[in-house]
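Student: Here you go, sequence then predicted model.
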Amino acid sequence: MIYVVLFFLAFSLLLYVLLAGADFGAGIVELFSSKENQAITKKTVYRVMGPVWEANHIWIIIMIVILWVGFPSFYNILMISLHIPITLMLLGITLRGVAFVFRHYDAFKDNSQIIYDWMFKISSLVTPIFLGITFGALLSGKIIIADSIIPYSFKALYIDSWLNGFSIFTGLFFASLCAFLSSVLLIGEAENETRKIYVRKAIIATVIVVIVGFITICYGFYMDIPFINIFLHNYITISAISISAVLLYPLWMSIKNERRIYSRFFAGIQVLLILIAALAPIFPNMLFTTSGSINILNEIAPNSVIKVLGISLIIGGSVILPGLFHLLKSFKMIKILER
Amino acid sequence: MYLYQSNFKIILRMENLDAARLQMAFTLIFHIVFACIGMVMPFFMVVSHKKWLKTRDPIYLKLTKSWQKGVAIFFVTGAVSGTALSFELGLLWPEFMKHAGPIIGMPFSLEGAAFFVEALALGFYLYGWDKINEKFHWFTGIIVGISGVASGILVVSANGWMNAPSGFDYIDGQFLNIDPISALFNPAWFTQALHMTLAAFTATGFAVAGIHAYQILKKRNIDLHKKAFKIALSFGAIAAILQPISGDISAKDIAKRQPAKLAAMEAHYHTEKGAPLYIGGIVNEEKQEVNYKIAIPKALSFLAFGDFDAEVKGLNDFPADERPKVAIVHYAFQIMVGLGTLLLFAGILFFITLSRKKEWFNKRYFWLLFSLLAPMGFIALEAGWIVTEVGRQPWIIHGIMKTKDAVTPVPGIIYSFYMYILVYTSLTIAVTWLMSRQIKALNSTDHSTPNTTSL
């Protein structure tokens, strides 16, 4: 049953990265657009994302609940050592959610829209960066786990683990991945001239993702980040990265030819491959400390809990997923796929 | 040097405990308001929607669309503050979550599912106008309401577990033989969930009705606001009238399970048979007495145990480090009961007006009264949460784990608390402002449908 739970954890992560990623990305694309295009993007984003907006962000709650129910010790370490970046990420999520609602539900469309727009765009950029930083902190090997924390300073315990080059690069990588996902998604939602804008943006975003990813790995290698060492010596990772590199070509071609279905499909595959490449070498030792790594499967919840959790996830999943699919379909996000 | 350092650490932890408690209280106080409105308003919305489908009176359509915007705004603010809370549980109380997480995971995972269903249904509802089948569209509104209430009940059940921990054996500081299902159906879940659901309907009903009453008082768009007032207050009044029954069940339950909380609520220091009920009064915690109170002989014994001569345990019979703060719990309890009673009578007044004294709807004082009552339900509701939360102290898990042992070791929580104050206060100001703009738009004289889908 633990594997059912792990599957749902990974599945939620994948959906969160894809759906919330595209959602965050929309704000980033808007941020880096000319004024005229901003208005178009805003409209398109609302039409596309509006109905599923909340649903996109529930995946992170599902993940956090799975973690605390099934993997309490691991969750405990996460919440203590990464308190600060998680709090900052929450701040971003809050401001972004509020800005999204305000700009679409305010009864009057006047100058206050300018404030909402800026709030939305900035928090759309900052939130995924902090999400990425938090994830990078798990890998950067700077988290201190000790019986007594007295010999360590506040900075060493609660700052250095996430405020370091590698984590920041991971944050930037995730943000650019979001922008990439969003611009690929928007290609399928726009018409004629506007579509060309997103095609260009998708190409630029792809290039940025590849470059930032490459820099992150090089930096990690240069700084002797333990994760990168394992990363570069794992055959699953190497094959995932190679496949991903090969698939860049069809992705590129489908973006260029404005193929909405293929471009989305290949973008999704890229994300899947990136996640596989990142997670395969570290599972189950998901967290790197100064002195080693922490196994997520250590001290998991008792069997009775895992069993109930697994069953609820299966039942919940079978209710929610068809509903989500139907919602996406009703609002044409999937209809294009069926054309 | 070492001694100094460890003393310093203790001081730091004490401060952290207070800061963490304040932050938790502060975020919960906000979240409760957002969540209650997001949970109850869909019901007003679907009633108005149903009336539109039946009568095709455009006023009902306008009202429905206006309420749906309210639902959307409060749903999302409730959802983001809820997301923040789901993280704060771990960020502020990691030791609590480490042990309690697996046990109370059940209500939280089900809550996640219910919330998901709600979000999906809301997606259909908000964006489904003229796109999906009319009846199905209306029905998705019902699903929004039901799944909202289900989420609320599940979260309250998790809180109930903190008051009535069950579904595990506590042996040598270990939580063994965990049974998540009996933790979900802990002894407190039903009384608390019933009380909270009724409270949410009362508070939201009176608040929404109060806002519309104020518009009528100001003679703006009376026709529409009167319809809105009647729908909202019907829910609020029925809930307010039912609430005392639930309150009585809760009191008897607490008397059995958490006698220290009951004693604090009643500022009852000395164990006695035939204990009197204190109404009002100023609590002197040092001298352990209550001054300027009205005492009703034997009433407490009766209310708590259904027997005028039953013995009610006083706070002095509990170890000093297991007593909650008395004054705040007692005052909060008085406020809750006092305002609850006030709303009960206001609810009865509403039904009398509706059935026999229709002319009262033309009286200025009627609308003034209900305008003034607008915030009272929420004040009572928050006071009730103060009673249950502060009354549980010093425990985070009643009888098992103390709050001070659950708090995070990360220093400087006070700064995080300041940040939350800043963010949530601005959020409240912004939401209030947004709502006033909604009402302004609603008062615009033309009855054509406001456009909800375009920007």
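Tutor: On my side now, so go ahead. Numbering: from 1, shown residues only, chains lettered A, B, ... in the order given.
Student: only C-alpha atoms for contact and neighbour calcs from this point on.
Tutor: OK.
Student: for stretch A:143-159, which positions count as buried?
Tutor: Of all the residues in stretch A:143-159, those buried under the rule 16 or more other Cα atoms under 10 Å in any protein chain shown are A:Ile143, A:Ile144, A:Ile145, A:Leu157, A:Tyr158, A:Ile159.
Student: now stretch B:72-92
Tutor: B:72-85, B:87-92.
Student: how about the strands of chain B, start to end?
Tutor: Using DSSP state E, the strands of chain B run over residues B:169-171, B:174-176, B:272-273, B:277-284, B:289-296, B:311-312, B:395-397, B:401-402.
Student: Could you do the stretch 201-339 of chain A as well?
Tutor: Using DSSP state E, counting those that start in this stretch, the strands of the stretch 201-339 of chain A run over residues A:285-289, A:292-295.
Student: Let's have those in CSV, adding mean neighbour count.
Tutor: Below are the strands of the stretch 201-339 of chain A laid out as CSV (neighbours: other Cα atoms under 10 Å in any protein chain shown):
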stretch, mean neighbour count
strand A:285-289, 21
strand A:292-295, 18
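Student: JSON lines for these, including mean pLDDT and distance to A:Tyr116?
Tutor: Formatted as JSON lines, these follow (pLDDT from 0 to 100; distance: least, Cα to Cα, whole Å):
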{"stretch": "strand A:285-289", "mean pLDDT": "79", "distance to A:Tyr116": "37"}
{"stretch": "strand A:292-295", "mean pLDDT": "79", "distance to A:Tyr116": "41"}
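Student: and chain B, which of those is closest to it?
Tutor: With Cα to the nearest Cα as the measure, strand A:292-295 is the member of the strands of the stretch 201-339 of chain A nearest chain B (15.9 Å).
Student: Within the sheet, what are the partner strands of the closest one, with directions?
Tutor: Applying DSSP bridges, strand A:292-295 is found paired with strand A:285-289 (antiparallel).
Student: got a list of contacts for the strand it pairs with?
Tutor: For strand A:285-289, the surrounding residues in contact (Cα atoms under 8 Å, 6 or more residues apart in numbering or on different chains) are A:138-145, A:226-227, A:279, A:293-296.
Student: Then stretch A:226-244?
Tutor: In this structure, residues lying in contact with stretch A:226-244 by Cα under 8 Å, 6+ apart are A:139-141, A:217, A:220-221, A:270, A:273-274, A:276-278, A:280-282, A:288.
Student: What is the neighbour count of the nearest residue to A:Gly323 once chain neighbours are set aside?
Tutor: Counting by Cα to Cα, 6 or more residues apart in numbering or on different chains, B:Leu120 is the residue found nearest to A:Gly323 once chain neighbours are left out, at 6.9 Å. Look at B:Leu120: counted by other Cα atoms under 10 Å in any protein chain shown, it has 26 neighbours.
Student: Tell me the helix or strand right after the host helix or strand of A:Val98.
Tutor: Applying DSSP states H and E as the criterion places A:Val98 in helix A:83-105. Per DSSP H and E, the first helix or strand lying C-terminal to helix A:83-105 is helix A:112-139.
Student: Just list the residues touching the residue lying closest to A:Thr216 once chain neighbours are set aside, thanks.
Tutor: Ranked by Cα to Cα, 6+ apart and with sequence neighbours excluded, the top spatial neighbour of A:Thr216 is A:Phe169, at 5.5 Å. Contact analysis of A:Phe169 by Cα under 8 Å, 6+ apart lists A:Ile133, A:Val212, A:Ile215, A:Thr216.
Student: Could you rank those residues by neighbour count and give me the top one?
Tutor: Going by other Cα under 10 Å, A:Ile133 tops these with 31 neighbours.
Student: doesn't A:Gly171 make contact with it?
Tutor: Yes: if you go by Cα atoms under 8 Å, A:Ile133 and A:Gly171 touch, sitting 4.5 Å apart.
Student: Would you map the helices across the stretch 101-250 of chain A?
Tutor: A:112-139, A:154, A:165-187, A:192-222, A:226-232, A:235-256 (DSSP state H, counting those that start in this stretch).
Student: Among those, which comes closest to B:Trp395?
Tutor: B:Trp395 lies closest, by Cα to Cα, to one member of the helices of the stretch 101-250 of chain A: helix A:154, at 28.6 Å.
Student: Show me what from the stretch 351-455 of chain B comes close to chain A.
Tutor: Proximity of the stretch 351-455 of chain B to chain A, by Cα under 8 Å from any Cα of the partner chain, involves residues B:Thr408, B:Pro409, B:Val410, B:Pro411, B:Leu434, B:Arg437, B:Gln438, B:Ala441, B:Leu455.
Student: Return the members of those classed as buried.
Tutor: Those of those that meet the buried threshold are B:Thr408, B:Pro409, B:Val410, B:Leu434, B:Gln438, by 16+ other Cα under 10 Å.
Student: I'd like the distance between the fourth one and B:Leu442.
Tutor: Here the criterion is Cα to Cα, to the nearest Å. By it, B:Leu434 lies 12 Å from B:Leu442.
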